[in-house]
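Student: could you work out the structure for the sequence below:
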Amino acid sequence: MPTDLVLRPATPLDAHDVASVHLRARRAAPMPPAVHPDDDVRRWLAVRLQSDEVWVAEHDGAVVGYARLTDVWLDDLYVEPSHARQGVGSALLDVATSVRPDGFCLWVFESNAPARAFYARHGLVELERTDGSANEEHSPDIKMAWTGADPFAFLRGLIDEVDVQLGDLLARRAALTRAVQPLKADPTQRDLAREHQIATALAARAPALGAERIERIVHTIITESLDAART
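Tutor: Now for the predicted structure:
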């Protein structure tokens, strides 16, 4: 960390400076254009400063970077462009890892190669990629994580969260399969063409598994859902 850098918790009085760093850093980075006007961003960050944990980095009394955390996410880490590559981001990330020793996740745009390389150098791992349909900018992004003092426990916790969601989805799929059976012209016949379309669509969302594996998974889910519907 630069010896003349001061790291401290932010106060509501820092709202203007934090927002200015946010806006300038975002414009300088290889990221998609912001979708909200500057004034809206300033108002939103002023509110977040009162609810999230925010740390600022000061140099010669001026805010040159900040990090904003929730319980399990690093939502923001921005550095004033004129102070980039001077250790400010590393210092703020060190604060984040120290105050969240059990680990945290973050999202970074796929286009933001410098940020991705920065996080990778500091030991964060890539967990998943999306096509961007779920974010406001509709730009592909990557979920990364600092896995904390006990990486196995941290990642197992994330798996548990996904398994809860998967259980809910399987229950919904089985219920819908059961509901549609009486409406089919011939409930004893499976629509293999439609099953292939489903598998193809899912494979596009989970390319790491590959089309053949996804097709087998879909076949098993539908087979077991049909069996449950009959019994």
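
Student: which helices and strands sit right next to the longest helix along the chain?
Tutor: Across the chain, the longest stretch assigned as helix under DSSP state H is helix 151-180. Counting by 3 or more CB pairs under 8 Å, 6 or more residues apart in numbering; DSSP states H and E, the packing neighbours recorded for helix 151-180 are strand 141-146, helix 211-230. Using the backbone N, CA and C atoms, a C-beta is placed for each residue, glycine as well.

Student: pick the most buried one from the ones you listed.
Tutor: Between the helices and strands packed on helix 151-180, strand 141-146 has the highest mean count of neighbours, a mean of 20, where neighbours are mean count of other CB atoms under 10 Å.

Student: who does it touch, helix- and strand-wise?
Tutor: strand 104-109, helix 113-121, strand 125-130, helix 151-180.

Student: by how many degrees do the helix or strand that comes right after the last one and helix 211-230 diverge?
Tutor: Once helix 151-180 ends, the next helix or strand along the chain (criterion: DSSP states H and E) is helix 192-205. Helix 192-205 and helix 211-230 are oriented at 130 degrees to each other (axes from the mean of the first three to the mean of the last three CA atoms, to 10 degrees).

Student: please work out the average pLDDT along helix 192-205.
Tutor: In this model, helix 192-205 has an average pLDDT of 92.

Student: quick check: buried residues in that helix?
Tutor: Within helix 192-205, the residues scored as buried using 16 or more other CB atoms under 10 Å are Glu195, Ile198, Ala199, Leu202, Ala203.

Student: ok, the second one - contacts?
Tutor: Same thing as Ile198. Neighbour list for Ile198: Val218 [criterion: CB atoms under 8 Å, 6 or more residues apart in numbering].

Student: from Thr177, how far off is it?
Tutor: 12 Å (CB to CB, to the nearest Å).

Student: same question for the last one.
Tutor: Here the criterion is CB to CB. By it, Ala203 lies 20 Å from Thr177.
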